[in-house]
Each structure stands twice: as structure tokens, then as C-alpha cells.
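coordinates only, sequence not included:
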């Protein structure tokens with residue numbers, strides 16, 4: 001979540017302004033502290049009071065010049081900061097050219113629904129909590145809030161943009177190098193606000209296209225009695241909330257799980273996506289993320305194993 005070292009054209013402009021503002025703030029603190037210490041420890045010889053019990057009033061010469069100098073310096077710094085801020089807004093606001101990828105992201109309590117838009121409906125798909133983008137390409141991002149106000153923030157790539165129910169906002173991303181960039185909801189949105197995170201994976205154009213083609217595929221057909229039992233259990237216990245393309249599981253309340261095992265994390269970047277964490281999440285999601293909308297299913301040990309084995313095939 002470091003926002004002072006950035007890896008995108010948009011975030012770079014913001015970081016430069018942040019470094020300047022930070023330097024000015026530190027300098028002001030040092031100057032004020034130095035003047036305060038001088039005022040405390042500098043001794044002045046005051047004339048004795050004219051009347052017993054009354055203190056002498058001393059009006060030092062040249063004091064008004066400090067006010068003139070301070071106001072002058074402050075005015076110059078504020079003007080520089082104001083013009084720099086407007087220049088940064090001008091550079092980071094408009095989208096620089098057509099987008100190579102278009103996204104519609106919806107903020108839920110407490111996860112991210114990510115839909116990849118396309119001119120052809122068959123080329124669209126939905127994933128969750130993990131955003132893949134090609135390096136060096138402009139990514140258009142439309143933002144919506146499903147329940148309360150959220151805020152979309154990837155500090156190494158862009159600033160914050162609010163997600164407001166009933167309103168569609170827009171922002172854009174561009175990464176100048178490959179890597180994984182952490183994002184976070186930047187607006188307090190309830191009990192699990194701190195666990196409403198996501199990851200942006202920036203890769204080469206070829207790798208991104210390979211990932212996109214894989215995401216367009218439906219879930220693989222199950223083979224073997226155990227996996228078929230697991231799919232049946234998943235459909236009856238999980239399919240009312242979650243969708244798996246190519247199966248009868250068609251829920252829209254929770255994240256699309258068609259390719260969940262291709263994701264790096266689960267629970268909106270709360271836990272690494274491995275067998276132990278996956279089983280723990282299925283068994284009792286309220287233990288890890290209290291207040292989320294996924295209930296405890298009270299599965300038996302064999303049922304949990306069957307569902308976990310089936311989910312592990314969703315790659």
C-alpha cells in the first residue's frame with residue numbers, strides 16, 4: 001500500500017505532489033520548532049516595573065517584520081501547491097486515449113465484483129477480488145457501489161475514486177511494469193472494511209490474453225464419483241449464492257467461482273488461496289471474516305472434503 005513509490009503514469013503525478021507536500025510540511029515543522037526553542041531559551045533584560053506589583057510592558061522593535069516574512073513565504077508556498085494540484089488533476093483526470101481493457105467493478109460488503117466488458121457479449125466474463133491488466137495499456141474502470149459507499153484505491157497505480165450506490169463513477173489505470181499491486185477500499189464501509197482488499201496483476205500482453213481466454217471458459221466437467229458428489233453438494237449448498245459457469249450453480253449474491261483456483265487469494269485478499277485456508281473458509285467463513293454474508297453451512301467432515309475437492313477443480 002505504499003503510495004510514495006509508484007509504477008504507473010497516473011500515480012507518478014500524484015506521488016510527485018505528495019513528496020512536495022510532505023517536504024513542505026516537514027520544513028514548516030522544523031522552522032516552527034526552531035523558532036519556539038529560540039523564544040523559550042533566549043533571555044531578554046526587561047526594565048524593572050515602575051510600580052510595585054506590576055510587570056513592565058516591553059514592545060521589541062522589528063517584530064512586525066516576522067509577520068510580513070511569514071505571510072509572504074506562506075503565500076508563495078500555497079500558490080505553488082495550488083497550481084501544482086490543479087496541474088496534477090489535469091494530468092490524472094482525463095483518460096489518455098482509448099482503453100485496451102474495460103472493466104465494470106462493483107463494491108459489495110466486503111468483496112469486489114469485476115466484470116470484463118467487451119463489444120461482443122460472449123467475450124465478457126465476471127471474476128472477483130483479482131484484476132488482471134496488460135502492462136503499458138490504458139484500462140478504463142467504471143465503478144458502482146452495491147450497498148454502501150466504497151472507495152476504489154490502488155495507491156501504486158492511481159488515486160482513490162468513490163463507489164456510490166445509484167451512481168456510476170469512472171477512473172483509469174495504467175501499469176508501467178509487471179507486478180502485483182495491492183488495492184484496498186479507501187472508505188469505511190462496515191465491520192470488515194479492513195478486509196476488503198484486492199490485487200491488480202499486471203502482466204505482458206500475451207500473458208494477459210492467455211489469462212483472459214482461460215477465464216472465458218466454463219468450468220471443466222467433473223469425472224469420478226467423488227467429484228460428482230462434491231459438485232452435487234456444491235450446487236445444493238453453495239449454488240444459491242455462487243455461480244459456476246457451465247453448471248446449474250447460478251447464484252449472484254456472492255462471487256463468481258468458475259475459476260477460483262486461478263486466484264492468488266480468497267476472502268477479498270484476506271487469505272492465501274491454498275488447501276488449508278480454502279477448507280477453513282468453506283467450513284466457517286465467519287471465523288475469519290465475522291459479519292460477511294456467507295453463513296456457516298454446518299457441513300460434516302466428509303461433506304466438507306467433497307466440496308473442497310470439487311472447488312479445487314475450478315482452475
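Arrived safely. Treat the numbers as computed from the prediction; the structure is a model and nothing was measured.

How is this structure divided into domains?
101-216, 225-311 (automatic domain parsing).

Redo those domains as a markdown table? Include mean pLDDT and distance to residue 95.
Every residue, glycine included, has its C-beta placed from N, CA and C. A markdown table is the format used below for those (pLDDT from 0 to 100; distance: least, Cβ to Cβ, whole Å):
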| stretch | mean pLDDT | distance to residue 95 |
| --- | --- | --- |
| domain 101-216 | 94 | 5 |
| domain 225-311 | 93 | 26 |
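
Same list (those) but as a markdown table, adding mean neighbour count.
Converted to a markdown table, the domains of the chain look like this (neighbours: other Cβ atoms under 10 Å):
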| stretch | mean neighbour count |
| --- | --- |
| domain 101-216 | 18 |
| domain 225-311 | 17 |
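
Out of those domains, which is closest to residue 17?
domain 101-216 (10.2 Å; Cβ to Cβ).

from the chain's centre, how far out does the closest one sit?
Relative to the mean C-alpha coordinate of its chain, domain 101-216 is positioned 9 Å out (Cα atoms, centre = their mean, to the nearest Å).

What is the end-to-end distance of it?
Taking Cα to Cα, to the nearest Å, the first and last residues of domain 101-216 lie 15 Å apart.

Mind jotting down where the strands sit in the stretch 201-315 of the chain?
Counting by DSSP state E, counting those that start in this stretch, one finds strands in the stretch 201-315 of the chain at the ranges 265-266, 271-272.

quick one, helices of this structure?
Assigned by DSSP state H, the chain shows helices spanning 9-41, 63-92, 205-216, 225-237, 275-283, 285-288, 301-311.

Give the full set of residues in contact with residue 167.
The contact partners of residue 167, by Cβ atoms under 8 Å, 6 or more residues apart in numbering, come to 144, 145.

What distance do you get for it to residue 106?
Remark: distance between residue 167 and residue 106 (Cβ to Cβ, to the nearest Å) = 12 Å.

Same question for residue 91.
Distance, residue 91 to residue 106, by Cβ to Cβ: 28 Å.

Repeat that for residue 179.
Relative to residue 106, residue 179 is positioned 25 Å away (Cβ to Cβ).

Not counting sequence-adjacent ones, nearest residue to residue 100?
Spatially, and ignoring its direct neighbours in sequence, residue 100 is nearest to residue 137 (3.7 Å; Cβ to Cβ, 6 or more residues apart in numbering).

what do you get for residue 260?
residue 314 (5.1 Å).

Report the contact partners of the one you found.
Counted by Cβ under 8 Å, 6+ apart, residue 314 has contacts 219, 244, 257, 258, 259, 260, 261.

same thing but at 6 Å, please
219, 257, 260, 261 (Cβ atoms under 6 Å, 6 or more residues apart in numbering).

For it, give its distance to residue 36.
Separation of residue 314 from residue 36 (Cβ to Cβ): 63 Å.

Next: residue 112.
47 Å.

Model confidence for the residue nearest to residue 6 when sequence neighbours are not counted, exactly?
Once flanking residues are discounted, residue 6 sits nearest to residue 15: 4.6 Å by Cβ to Cβ, 6+ apart. For residue 15, the model assigns a pLDDT of 88.

neighbours of residue 15, just the number please.
By other Cβ atoms under 10 Å, the residues close to residue 15 number 20.

one step back: now the helices of the chain in CSV, with distance to residue 163?
Formatted as CSV, the helices of the chain follow (distance: least, Cβ to Cβ, whole Å):
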stretch, distance to residue 163
helix 9-41, 18
helix 63-92, 18
helix 205-216, 23
helix 225-237, 30
helix 275-283, 25
helix 285-288, 23
helix 301-311, 28
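
hang on, the earlier thing: dump the contacts of residue 314 into TSV; add distance to residue 198 as well.
What follows is the contacts of residue 314, written out as TSV (distance: Cβ to Cβ, whole Å):
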residue	distance to residue 198
219	22
257	16
260	14
261	17
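
which of those lies closest to residue 30?
residue 260 (51.7 Å).

Can you check which of the helices of the chain gets nearest to residue 120?
helix 205-216 (10.8 Å).

so what secondary structure elements neighbour that closest one?
In terms of contact count using 3 or more Cβ pairs under 6 Å, 6 or more residues apart in numbering; DSSP states H and E, helix 205-216 is assigned the packing partners strand 130-134.

okay, the angle between the strand it packs on and helix 205-216?
140 degrees (axes from the mean of the first three to the mean of the last three Cα atoms, to 10 degrees).

still on that earlier bit, relative to residue 122, which of the helices of the chain is closest?
Across the helices of the chain, residue 122 has its closest neighbour in helix 205-216 (8.0 Å, Cβ to Cβ).

what's next to the closest one, contact-wise?
Taking Cβ under 6 Å, 6+ apart as the rule, helix 205-216 contacts 125, 132, 134, 259.
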